[in-house]
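J.: Could you look at this predicted model? Sequence included:
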There are 4 protein chains.
Amino acid sequence: MIQVGIIGANGYTGGELLKILNNHPHVEVVAATSRKFDGVPIYKVHPHLRDLELEFKKIEPGDIAADLVFTATPHGASMNIVPPIIEKGIKVIDLSGDYRFDDLDVYEKWYGLKQTNPLESVYGLPEVFREDIQKTDLVANPGCFPTGAILACLPLAAEKLVDRFIIDAKTGVSGAGIKPSETTMFTNCSDNVIPYLVTSHRHAPEIQEKLSRYGDVKVSFTPHLVPVIRGIFSTVHTFPVEDVTSSYVKELYDDFYEGEPFVRVLDVGEIPRLSSVRGSNYCYIGSFDSDENGRLVIASSIDNLVKGASGQAVHNMNIMFGFDEIEALDMLGLHP
Amino acid sequence: MIQVGIIGANGYTGGELLKILNNHPHVEVVAATSRKFDGVPIYKVHPHLRDLELEFKKIEPGDIAADLVFTATPHGASMNIVPPIIEKGIKVIDLSGDYRFDDLDVYEKWYGLKQTNPLESVYGLPEVFREDIQKTDLVANPGCFPTGAILACLPLAAEKLVDRFIIDAKTGVSGAGIKPSETTMFTNCSDNVIPYLVTSHRHAPEIQEKLSRYGDVKVSFTPHLVPVIRGIFSTVHTFPVEDVTSSYVKELYDDFYEGEPFVRVLDVGEIPRLSSVRGSNYCYIGSFDSDENGRLVIASSIDNLVKGASGQAVHNMNIMFGFDEIEALDMLGLHP
Amino acid sequence: MIQVGIIGANGYTGGELLKILNNHPHVEVVAATSRKFDGVPIYKVHPHLRDLELEFKKIEPGDIAADLVFTATPHGASMNIVPPIIEKGIKVIDLSGDYRFDDLDVYEKWYGLKQTNPLESVYGLPEVFREDIQKTDLVANPGCFPTGAILACLPLAAEKLVDRFIIDAKTGVSGAGIKPSETTMFTNCSDNVIPYLVTSHRHAPEIQEKLSRYGDVKVSFTPHLVPVIRGIFSTVHTFPVEDVTSSYVKELYDDFYEGEPFVRVLDVGEIPRLSSVRGSNYCYIGSFDSDENGRLVIASSIDNLVKGASGQAVHNMNIMFGFDEIEALDMLGLHP
Amino acid sequence: MIQVGIIGANGYTGGELLKILNNHPHVEVVAATSRKFDGVPIYKVHPHLRDLELEFKKIEPGDIAADLVFTATPHGASMNIVPPIIEKGIKVIDLSGDYRFDDLDVYEKWYGLKQTNPLESVYGLPEVFREDIQKTDLVANPGCFPTGAILACLPLAAEKLVDRFIIDAKTGVSGAGIKPSETTMFTNCSDNVIPYLVTSHRHAPEIQEKLSRYGDVKVSFTPHLVPVIRGIFSTVHTFPVEDVTSSYVKELYDDFYEGEPFVRVLDVGEIPRLSSVRGSNYCYIGSFDSDENGRLVIASSIDNLVKGASGQAVHNMNIMFGFDEIEALDMLGLHP
């Protein structure tokens, strides 16, 4: 049994962490912090967590006694919160962008922030960095878009079959967080499709950096807000450097993800539905026959709050502490 | 470990049963029948159940060897399917309306069917009939609307505080089943509110019969289709025979449902959201201050496919076989 | 040709007024005021009004030169804005609640505001007050819920067939206005049904006062937020003092609304869909066979931004200035 | 005043034609045919058209006496229905794919049909073929996807700046027609994003053929079903053959579409929302700064039932008969 703290527990990813960890036999949540809701019962903010007898507390990061802390804090805040925790010998899984980049110049350019407290970290995509995750004290949990996009692109990049990815992503509104804004209003999102940061989203360089481990690749990325609560659907348009058949591609993916507990490679032509993975930690990946112009399409679906955030964070925790990887994460998708 | 069969496993309630039972440590699903999909892998119909290595089979009901059979079959069909199973000494939980009514005349009037094979059965609402459920071989699983409505009305009826209930229910579209129809088209349901069988829905007499155990009550019921996938929200308008305070009502409900694993009585004024119970077996019940005309409002929320169907069926199974009541049913709601 | 000003033009009702008046051959909009968006082109806030070559202006109410001013301003603000305009001899149609009540005590109790500048006004429901509207300088435009509810109840109240109305209303999210809030977030509203002010909404006394012209009636009212952009669906549950047949009721409504340009009485059993009236100024009213307990259900649908606000305001304007009543309002519903 | 017939008036495009033509001062609809609904009043199928005193009739195409016939009939059916009408000297606007292709081999390959009755026709995209439309007796109304996609790509193709277009389209569900199917069920579409015919949709060759007038281009196209009733959002990813600035692109589009009544070129970075064009005949086009990899994104929005079908058909009619081009088409978008 380990003791775990969650900093910034009043957001959607905080709520999802609390929900998942509630089912974890080896975890006790000892602190769920929130500045805004100090002393408020959890269920007042997360109405589905009515049985959790826990209150939000305003606690200074340095005052948390735990084996692991999840920092569900904004970009720029994490870099100040994480170091004092690490110094105390507590492991950290950070859900912000602050520790995701190998190249700090890229981080600073795209986030408009100076990384003042750099630390050694491991990018928490278990399908790629499992062994490093086992050994590290600081996991930088991947961004929601990068999770779905990288998993869709990875086998093609690793095989050096594709050096340019055009990723057209569609995301549910929960990805924008719990704070009300014009963007996230029902009247704005419903019955609409709204691209944003069309050619300048900071998840593009994150995807590019991680795919570039296998050689030069160019990533063009555009996210769209769609009238969906949870889920990211990534449509990846590629032009392989040589002709590939759909069965070859399917086999390539099957081999690459063999044994992965949360990746499912679908039959050729099968659609990775958002509903198939809703509420679950799965990433479904589908591949399709190439078109007449040599375009190969790969598509992936994830739940942005689970595999795209809190579920993946718990997966990382399971790896870091030697638990069964699927512990507390074996829920199936909510379809329909 | 018991062996279980599901007849009519290709519908939404069948899929939900398969999903829930997949997490049940004491259950092995030995048959999932479907006439239409004989030989087809489960995941072709239920894409979220990709890991279930099971195929639909066309099996005659009498040929299933199991300890328990769920009959997720239409009204009128169940009455022919259930008896031969019961005769073989297999327990049955029937999800149709065929065995729900004490008064067969009421059944025959509202369903337009002759009940040709009446059997002794117990109405599977654990909060009321738990002890009978333990002993019976045939549970008639309640209708989706009756589940949410009865739980909202019950303490008032039992206390003889109210003798007329006006129930205005709002249901998600999955309640209409997996078969396409004009009614369930996205273009019909989305951005719309559509009442149906406004004063003639057959769940009205079901609610009335069960509430009438405590004395004469009149139930007026109108369901509305709303643009929601899962969930039933029941708004119950009542005029208590004597003045009641909201704290009295809250206490009445607290007492009535004390210890119930799946009913949660909310604070006065707290809203029982559909998202709080989505994907879970909970029923949330809220009460509100009376208005100037002496109207008391009680509201409840359930997931129609879980507490309103398959989750409740598994709850009944757990009771029938002496398992922990919450086994495989401890999932929390999917909010947001 | 008359000159018209709109105070508070940056909200949803302001946008709808601008859109409707753009098609009016006898109206020139000379001012669209907004404190927040002074100098900003209209289309930056109302993206569908790209062709309107007009900017928001910050203008003091007293400085508008026009024949008519629409005040799309909040409750409490209107009572300070309207009098100086009226004093200049300009007609006003006020969309707030400030001038809707005959009984100021009721207003002050429910709005928690002192009406410091009472003025003689006419309640702008043309189906009832057409002749008074023709002669007044100040129309108090009805609330969105009262419009749909009163029209559904009126013939029964006038005929003294019903003295207690239980109105269960379902509203689209645009009714909450353009300002972001937790309530109106997509993640909150989508796939949910959320009642609010369950027994204490201030539209209840507005409905009650207007129906009480015909004798004592009691109105119980509960609104629900549903995942719909536009539209109010009102389900009215009543128990007539004597038995009535559905054909009698249908005839009663046909007679009552004969010749009304914007009310449509449907066939018995026909559903008044939100999509039938979406974007239009119609109110559809449906009636249904009574149930076994003598309950009669009437249902109505309106577009809350059109018949429930700006369309009705323009209808009032047409009456006040002697234009054809349907001028600029003859658009049909957007179905599907 | 001209007399007009609509063949296949019971579908969504038929309903939209009836609605638009109802507001046209120079058109009388003399026949609305339907095999299925012979003798049924229009409003039973199109509930928003309650005031139209017209019934569906089963009429043989050859028996319609009119100046113009809209054939809202399926691919394969139109080629048998259109010729006898043309022979009688009646003009036709065909909404199917049967007469859209210059190259019949392409048609036959992608539609799997033999075009047995080829006729000379003009592709009814007024922005390109206005002069030919004026003179022809047979207009082939463009497909819904091609309308939004071609308008987004056209200036770049005409300028020979781009020779490969990757079009990622998101469509509302009404595009699938009025007939219920698994695909169009609420439970399938809601909260989902579902690509279909991922690399094999027959609108791809239609787009390619029309853009190829300006030189060789390759079109890769993937449509996605999103939880939207009306609207097509097209995201066009391109890599111009030379560097272009966003202001250059904006100017190029401004010039190309100057004077066009239904195309609006937005400011650089402004989003063409579906709600801006909902219910209207507009196409909004937005352009964005190129990304670091030289990718230029253009996006367009249309209402698939209006500009993508019936509105464009009426626009073509207005051109063919010398009416004002915007007659009956000057409605603004329904936002929110």
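T.: Alright, I've got the coordinates.

J.: Now do the contacts for A:Phe186.
T.: Contact analysis of A:Phe186 by C-beta atoms under 8 Å, 6 or more residues apart in numbering or on different chains lists C:Val173, C:Thr184, C:Met185, C:Phe186, C:Asn188, C:Cys189, C:Ser190, C:Pro227, C:Ile229. The way it works is simple: take the backbone N, C-alpha and C, and place the C-beta from them, glycine included.

J.: Among these, pick out the one closest to chain B, please.
T.: Nearest to chain B among these is C:Pro227, at 4.8 Å by C-beta to the nearest C-beta.

J.: On the three-state scheme, the closest one is what?
T.: At C:Pro227 the chain is in coil, as set by DSSP: H, G, I helix; E, B strand; the rest coil.

J.: Give me the neighbour count for it.
T.: Using other C-beta atoms under 10 Å in any protein chain shown, C:Pro227 has 25 other residues around it.

J.: List the contacts of it.
T.: Counting by C-beta under 8 Å, 6+ apart, the residues that C:Pro227 touches are A:Phe186, A:Ser190, B:Asp191, B:Val226, B:Pro227, B:Val228, C:Val173, C:Cys189, C:Ser190, C:Asp191, C:Asn192.

J.: 7 Å instead?
T.: Shown in contact with C:Pro227 (C-beta atoms under 7 Å, 6 or more residues apart in numbering or on different chains): B:Pro227, B:Val228, C:Cys189, C:Ser190, C:Asp191, C:Asn192.

J.: likewise A:Gly294?
T.: A:Phe239.

J.: quick check, A:Lys210 in a helix?
T.: Yes: under three-state DSSP, A:Lys210 sits within a helix.

J.: farthest residue from the center of chain A?
T.: The C-alpha centroid of chain A is most remote from A:Glu292, which lies 33.9 Å away (C-alpha atoms, centre = their mean).

J.: Next one: that one relative to D:Ile166, how far apart?
T.: From A:Glu292 across to D:Ile166, the span is 13 Å (C-beta to C-beta, to the nearest Å).

J.: got it, and A:Trp110?
T.: Distance of A:Trp110 to D:Ile166, given as C-beta to C-beta: 24 Å.

J.: Which of these two has more residues huddled nearby?
T.: D:Ile166 (25 against 17).

J.: mind checking the SS state of that one?
T.: Following three-state DSSP, the label given to D:Ile166 is strand.

J.: Disregarding residues adjacent in the polypeptide, which is nearest to it?
T.: Distances taken as C-beta to C-beta, 6 or more residues apart in numbering or on different chains place D:His237 nearest to D:Ile166, at 4.3 Å, with adjacent residues excluded.

J.: Am I right that that neighbour is in a helix?
T.: No: going by three-state DSSP, the assignment for D:His237 is strand, not a helix.

J.: neighbours around it, how many?
T.: The burial count assigned to D:His237 is 23, neighbours taken as other C-beta under 10 Å.

J.: pretty sure it is in contact with A:Ile166, am I right?
T.: Yes: with contact defined as C-beta atoms under 7 Å, D:His237 reaches A:Ile166; the gap is 5.1 Å.

J.: State the distance from A:Leu17 to A:Ala9.
T.: Applying C-beta to C-beta to A:Leu17 and A:Ala9 gives a distance of 7 Å.

J.: Sticking with A:Ala32, tell me its helix or strand.
T.: strand A:27-33 (DSSP states H and E).

J.: in that strand, what counts as buried?
T.: Going by neighbour count (16 or more other C-beta atoms under 10 Å in any protein chain shown), the buried part of strand A:27-33 is A:Val27, A:Val29, A:Val30, A:Ala31, A:Ala32, A:Thr33.

J.: what pairs with the last one across the strands?
T.: So the one you mean is A:Thr33. Beta-bridge partners for A:Thr33, by DSSP bridges, are A:Ile7, A:Lys57.

J.: Just the terminal-to-terminal distance for stretch A:50-70.
T.: Distance between the two ends of stretch A:50-70: 21 Å, counting by C-alpha to C-alpha, to the nearest Å.

J.: if we can go back for a sec, need the residues touching each of D:His237 and A:Ile166.
T.: Contacts common to D:His237 and A:Ile166, judged by C-beta under 7 Å, 6+ apart, are A:Ser220, D:Ile166.

J.: Which strand residues bridge the residue nearest to D:Ile166?
T.: Note on D:His237: beta-bridge partners D:Ile166, D:Val297, judged by DSSP bridges.

J.: Can you give me the separation between the closest residue to A:Asn304 other than its chain neighbours and chain C?
T.: Computed as C-beta to C-beta, 6+ apart, the closest residue to A:Asn304 that is not its neighbour in sequence is A:Cys144, at 4.2 Å. Distance, A:Cys144 to chain C, using C-beta to the nearest C-beta, to the nearest Å: 14 Å.

J.: Spell out which residues of chain A are next to chain D.
T.: Residues of chain A found near chain D (C-beta under 7 Å from any C-beta of the partner chain) are A:166, A:168, A:170, A:187, A:191-195, A:198-200, A:218, A:220, A:222, A:226-229, A:233, A:235, A:237, A:271, A:273-275, A:288-291, A:293, A:295, A:297, A:299, A:336.

J.: from those, which ones fall inside helices?
T.: Under the assignment DSSP state H, the residues of chain A next to chain D contribute A:Thr187, A:Leu274, A:Ser275 to helices.

J.: so A:Pro261 touches A:Asp324, yeah?
T.: No: with contacts counted by C-beta under 7 Å, A:Pro261 stays clear of A:Asp324, the gap being 9.2 Å.

J.: More neighbours: these two, which one.
T.: A:Pro261 (17 against 12).

J.: in the stretch 51-200 of chain A, which spans are strands?
T.: For the stretch 51-200 of chain A, applying DSSP state E, counting those that start in this stretch gives strands covering A:68-71, A:91-94, A:122-123, A:138-140, A:164-171, A:194-195.
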